[in-house]
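In: Give me coordinates for this.
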Amino acid sequence: MEMLKHDLAEQIMNYHSVWSALLANINLGNYASSLWNVTLKPEHVTINHEDKTFTFQQANFQFDVEARLSFGNDYSLYTKQVSGHGTFQYQDSKTIQLKTLTLNTD
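Out: Have a look, this model is predicted:
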């Protein structure tokens, strides 16, 4: 069970299209982000084996904001805590594959 949570947490953190969409929907004004990172501890993932769903809490979405100034660059790092849910399928008894991921954003 713990290995499945670990694998699912890794897949959630690496689901680039969902995290990129979150960043695109954050209003950064005239600034831009050049990098982002997601951290999620496996113990913050809850798996429902019967209906093949999961939830997670306390994922940290970190991103930088770059303000290009005429006299140099200014970077700020921000963290947004995110929760979410989704579905998965079993590849075999030891392998889980993420199918859908939805972020709960406030």
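In: mind showing which ranges of this protein have poor pLDDT?
Out: 67-73, 106 (pLDDT under 70).
In: which residues of it fall in helices?
Out: For the chain, helices defined by DSSP state H occupy the ranges 2-13, 16-24.
In: Could you name the helices and strands sitting against the longest one?
Out: For helix 2-13, the helices and strands in contact under the criterion 3 or more Cβ pairs under 8 Å, 6 or more residues apart in numbering; DSSP states H and E are strand 36-39, strand 45-48, strand 53-69, strand 72-92, strand 95-104. The C-beta positions use only the backbone N, C-alpha and C, and glycine is treated the same way.
In: Sheet partners, orientation included, of the fourth one?
Out: The one in question is strand 72-92. Strand 72-92 sits in its sheet next to strand 53-69 (antiparallel), strand 95-104 (antiparallel), going by DSSP bridges.
In: Other residues contacting that strand?
Out: 8, 12, 22, 26, 47, 52-67, 96-105 (Cβ atoms under 8 Å, 6 or more residues apart in numbering).
In: From these, list the buried ones, please.
Out: 8, 12, 22, 47, 54, 56, 59, 61, 63, 65, 96, 98, 101, 103 (16 or more other Cβ atoms under 10 Å).
In: Pull up the distance across stretch 90-98, start to finish.
Out: 9 Å (Cα to Cα, to the nearest Å).
In: How far does that stretch sit from its chain's centre?
Out: 20 Å (Cα atoms, centre = their mean, to the nearest Å).
In: Out of the strands paired with strand 72-92, which gets nearest to residue 36?
Out: strand 53-69 (4.1 Å; Cβ to Cβ).
In: how far away is the spatially most central residue of the chain from residue 94?
Out: Nearest residue to the geometric centre of the chain (Cα atoms, centre = their mean): residue 13, 4.6 Å. Distance check for residue 13 against residue 94: by Cβ to Cβ, to the nearest Å, it reads 20 Å.
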